[in-house]
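> model this:
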Amino acid sequence: MGSLHITIEKQRWQVALDSPIDLAIPLDFAGPQPNAFGLPKAEAVPFEAGDFVGDRSRGGPVNCFTISTNPHGNGTHTETARHIHSDAPTLASLRIPAFVPAWVATVPLEAREETLERYPIPTTKSDRVVTRKSLEKATKDVPKGFLEGLVIRTLPNPEKKRHQQHSGHHPGYLTIDAIEWIVTQEIQHLLVDLPSVDREDDQGQLAVHHLYWEQAWQRTITEMIYVPNNAPDGPYFLNLQVPRFVQDAAPSRPLLFTAKHAE
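Coordinates of the predicted model:
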């Protein structure tokens, strides 16, 4: 397919179009699925009416399945500020650039009690967090203009993340210090391989969500991605594919395209 060239902060970059890295977790309606917050599994049920059945394996003329899913718990999804503000924009009204300059940052999940970073409710010894300190370290070499998007890959990063059962298992989340740093960097599109940027049980505060969207409702958060281990940290161009749902969130497909300095 070739490549194209994009200029960011007077620097010319080459974008390889033929080998995108897909960050979306495939949603297998008949197999293992990731799950969070105790939400029901996603289902695909053939439509039936009279003698018609929308299932070729049962003799129907076509496959015609009714899909039931809750994006927040069933896999890769993108949220808008509508998630916490009922008068904020929906996904259908957002204008997301076709290619967002973004940085992939790999960080460890650290024991919350061993950091000095903040979270607004009491935590336990099993809590693991993404810290400001680790994000600053992982982004120290970012070229100018490449923090419009931030893709966070947490360690460890096993393949089983693709169908992880997060509910009730204290998955990782971001500290208040981490999200305050993200806000100061003016990151518009935040992507994480966690089920939420907030703690699973946070007494309904969603403090990290609120800080991120406090004064910038055009921003997005994409959760439950999976960043392959063979994708190195560095600059990319993000193509964030979302359906035009008049809702706060929807299943999404973020693609990363490798960015290199153009000669």
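
> which ones are touching Glu6?
Just to correct that, residue 6 is Ile rather than Glu. Residues near Ile6 by CB atoms under 8 Å, 6 or more residues apart in numbering: Arg12, Trp13, Val15, Phe99, Pro101, Phe237, Ala259. No exception for glycine: its C-beta is placed from N, CA and C like everyone else's.

> likewise Lys161?
Ile25, Pro34, Asp193, Tyr226.

> now, of the contacts of Ile6, which are buried?
Trp13, Val15, Phe99, Pro101, Phe237, Ala259 (16 or more other CB atoms under 10 Å).

> tell me which helix or strand of this protein sits lowest on mean pLDDT?
Ranking every helix and strand in the chain by mean pLDDT, DSSP states H and E puts strand 3-8 at the bottom, with a mean of 92.

> picking up where we left off before, so which of the contacts of Ile6 comes closest to Asp141?
Lowest distance from Asp141 to those (CB to CB) belongs to Ala259, with 13.4 Å.

> Arg253 reaches Leu27, doesn't it?
No - applying CB atoms under 8 Å as the test, Arg253 and Leu27 come out as separate, 10.5 Å apart.

> let's verify Tyr212: helix, strand, or coil?
When classified by DSSP: H, G, I helix; E, B strand; the rest coil, Tyr212 comes out as helix.

> how close does it sit to Leu190?
7 Å (CB to CB, to the nearest Å).

> hmm, back to that, so what sits against both of Arg253 and Leu27?
Contacts common to Arg253 and Leu27, judged by CB under 8 Å, 6+ apart, are Thr76.

> now the contacts of Ile6 as a markdown table including distance to Asp51, pLDDT and secondary structure?
A markdown table is the format used below for these (distance: CB to CB, whole Å; pLDDT from 0 to 100; DSSP: H, G, I helix; E, B strand; the rest coil):
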| residue | distance to Asp51 | pLDDT | secondary structure |
| --- | --- | --- | --- |
| Arg12 | 62 | 95 | strand |
| Trp13 | 57 | 96 | strand |
| Val15 | 52 | 94 | strand |
| Phe99 | 49 | 97 | coil |
| Pro101 | 54 | 98 | strand |
| Phe237 | 50 | 97 | strand |
| Ala259 | 55 | 93 | strand |
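
> now, which of these sits nearest Ile176?
Nearest to Ile176 among the contacts of Ile6, with distances taken as CB to CB, is Pro101, at 26.3 Å.

> give the other helices and strands that the one helix or strand Val208 maps to contacts.
Following DSSP states H and E, the helix or strand that holds Val208 is helix 207-213. Judged by 3 or more CB pairs under 8 Å, 6 or more residues apart in numbering; DSSP states H and E, the packing partners of helix 207-213 are helix 176-184.

> who touches the helix it packs on?
Contacts of helix 176-184 (CB under 8 Å, 6+ apart): 117-120, 129-133, 135-136, 150, 174, 190, 197, 207-208, 211-212, 214, 216.

> who does whichever helix or strand comes after it pair up with?
Using DSSP H and E, the next helix or strand after helix 176-184 towards the C-terminus is strand 189-192. In the sheet, strand 189-192 lines up against strand 149-155 (parallel), strand 220-223 (parallel) (DSSP bridges).

> only C-alpha atoms, please: export strand 189-192 in PDB.
The C-alpha trace of strand 189-192 is given here as PDB (Å, rounded to 0.1, in the frame of the first residue of the first chain):
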ATOM      1  CA  HIS A 189      -6.600  10.500  23.400                       C
ATOM      2  CA  LEU A 190      -5.600   8.200  26.300                       C
ATOM      3  CA  LEU A 191      -5.400   4.400  25.700                       C
ATOM      4  CA  VAL A 192      -4.800   1.800  28.400                       C
END
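
> nice, that's everything, thank you.
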